[in-house]
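Engineer: task: produce atomic coordinates for the following.
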Amino acid sequence: MPKIMLLLSFLRRSPQCIDLALQIAAEREAELIVLFVLDAEILQAVTRKLTEDGWIGGKPSEQFVDALRQEYREQAQTKIQEVEEAARLKGIPVRSFSREGALAEEALSLLEQEKIDLVIVTRRKRSRLSRFLFGSAVGDLMKQAPCPVKVIDEK
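Structural biologist: Below you'll find the model as predicted:
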């Protein structure tokens, strides 16, 4: 049975991407593998922004960072459950994973482990200059993946 990976993260979880993954999995009679990557850089960026804007003073407490991390995990689990339910309603076999780390690295690791046939992911809207200067996790994944990567650009 073919395997299709739906790659999600806090910044990459568009409904169009999810719908397309479900559609392709149904058409190909494939198993849907959902991977939600909890990117540690997002937590750091949120904490830094809240500190810079004066919402929290000085260095944030570990309890604050832990609370943010827990909220992040809960949102990931909620999104995973939504996708699993939608897949089950369409009769699509589904398994889900949640991992903490860098998007491309975690996706590549699971790609090899699960022998994925196709990856579907959303690409955030950013300028070409931003992608050039700061890199692109989706671009890195496309270069290194052993299978096709279908990218759905955010509108």
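Engineer: going by C-alpha atoms from here, please, whenever you check contacts or count neighbours.
Structural biologist: Noted.
Engineer: need the helix or strand of the chain with the lowest average pLDDT.
Structural biologist: The helix or strand of the chain with the lowest confidence, counting by mean pLDDT, DSSP states H and E, is helix 128-134 at a mean of 48.
Engineer: could you point out which residue ranges in the chain have low pLDDT?
Structural biologist: Applying pLDDT under 70 to the chain flags residues 12-13, 57-58, 60, 124-135, 155.
Engineer: tell me where it has helices.
Structural biologist: Using DSSP state H, the helices found in the chain span residues 15-28, 40-52, 62-89, 103-114, 128-134, 137-144.
Engineer: wait, which of those helices is closest to I4?
Structural biologist: helix 15-28 (6.5 Å; Cα to Cα).
Engineer: got the contact list for that closest one?
Structural biologist: Applying Cα atoms under 8 Å, 6 or more residues apart in numbering, the contact partners of helix 15-28 are 2-6, 30-32, 83, 86-87, 90-92, 120-122, 152.
Engineer: can you pull the buried residues of that helix?
Structural biologist: C17, I18, L20, A21, L22, A25, A26 (16 or more other Cα atoms under 10 Å).
Engineer: now do the contacts for G91.
Structural biologist: A26.
Engineer: measure it to I56 for me?
Structural biologist: 47 Å (Cα to Cα, to the nearest Å).
Engineer: next: I92.
Structural biologist: I92 is 45 Å from I56, by Cα to Cα.
Engineer: now the buried residues of helix 15-28 in a markdown table, with distance to R73?
Structural biologist: Formatted as a markdown table, the buried residues of helix 15-28 follow (distance: Cα to Cα, whole Å):
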| residue | distance to R73 |
| --- | --- |
| C17 | 20 |
| I18 | 19 |
| L20 | 24 |
| A21 | 22 |
| L22 | 23 |
| A25 | 26 |
| A26 | 28 |
